[in-house]
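Engineer: Everything below, folded, please.
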Amino acid sequence: MIGKGSCHPKVFFIGEAPGDSENKTGIPFYGRAGKQLDKMIEYMGLSEEDWMVTNTVKCHPSGNRKPKINEIECCKPFLLSQIILLNPRIIILLGNTAERSFCPGRKLEWGVPVEHEGKTVLKLYHPAALIYTRSKIETQYAFIDRNRELWS
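Structural biologist: Numbering: from 1, shown residues only. Next up, the predicted model:
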C-alpha cells in the first residue's frame, strides 16, 4: 500500500502499518483511525493538495500486531524513496513506529519539531492512540496549534 493524497504535498504523514480495514480496502488510514486523521488534517487547515499519508510498513502485519524490526527495515527503502520523490516541506511521524523507522537511534519529543536528514520532522500521536486514550486529543491539538507555521 503506497499511500493516499497529493503528489506534491507540503505535509507528509507517516503512520505504522495497514490494519485490517486498510488491508481490505487498499486505502491507508481507513476506518476509525482514518476518521481521526481526517479531523486532524481539517483542524490543521490543510487542503487535499497539501498532504499525503503513508505507512512505515507497506503490508499488513499478520495478527494485527506492531511491525517487527525486519519488516520496518524491509520497507524502509520504499519510504525513503517516497520522501525523496515527494520532497515535502515537513514530515509528521504518527507514533513511535514511524519514529523508529525514519529517525532510528533518536528519541524525539512529542510535538517538538527537529531537523533530521535535511527535513523538518514533527512527532505526533498516532490517530489510533487518540481513539484509545481520549485524554491525548487536547494535547495533540495543542501540538498542532504550536507548530502551524511549519505548514502554513
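
Engineer: Convert the helix or strand of the chain with the lowest mean pLDDT to CSV, retaining C-alpha atoms only.
Structural biologist: Across the helices and strands of the chain, mean pLDDT, DSSP states H and E gives its lowest value to helix 20-25, namely a mean of 86. The C-alpha trace of helix 20-25 is given here as CSV (Å, rounded to 0.1, in the frame of the first residue of the first chain):
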residue,chain,number,x,y,z
ASP,A,20,-7.4,-5.0,8.8
SER,A,21,-9.7,-2.3,7.3
GLU,A,22,-6.8,-0.8,5.2
ASN,A,23,-5.8,-4.3,4.1
LYS,A,24,-9.4,-5.0,2.8
THR,A,25,-9.8,-1.6,1.1
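
Engineer: got a list of contacts for that helix?
Structural biologist: Identification of contacts with helix 20-25 by Cβ atoms under 8 Å, 6 or more residues apart in numbering yields 1, 28-31, 34, 60, 64. Placement of C-beta: from N, CA and C, glycine included.

Engineer: ok, so of the residues you listed, who is nearest Leu108?
Structural biologist: For the contacts of helix 20-25, the residue nearest Leu108 by Cβ to Cβ is Phe29; the value is 20.9 Å.

Engineer: what sits against the closest one?
Structural biologist: By Cβ under 8 Å, 6+ apart, Phe29 lies in contact with 4, 15, 22, 37, 53, 127.

Engineer: Identify the bridge partners of the first one.
Structural biologist: I take that to be Lys4. Under DSSP bridges, the beta-bridge partners of Lys4 are Val53.

Engineer: what residues are up against it?
Structural biologist: Applying Cβ under 8 Å, 6+ apart to Lys4 gives the contacts 27-29, 52-53.
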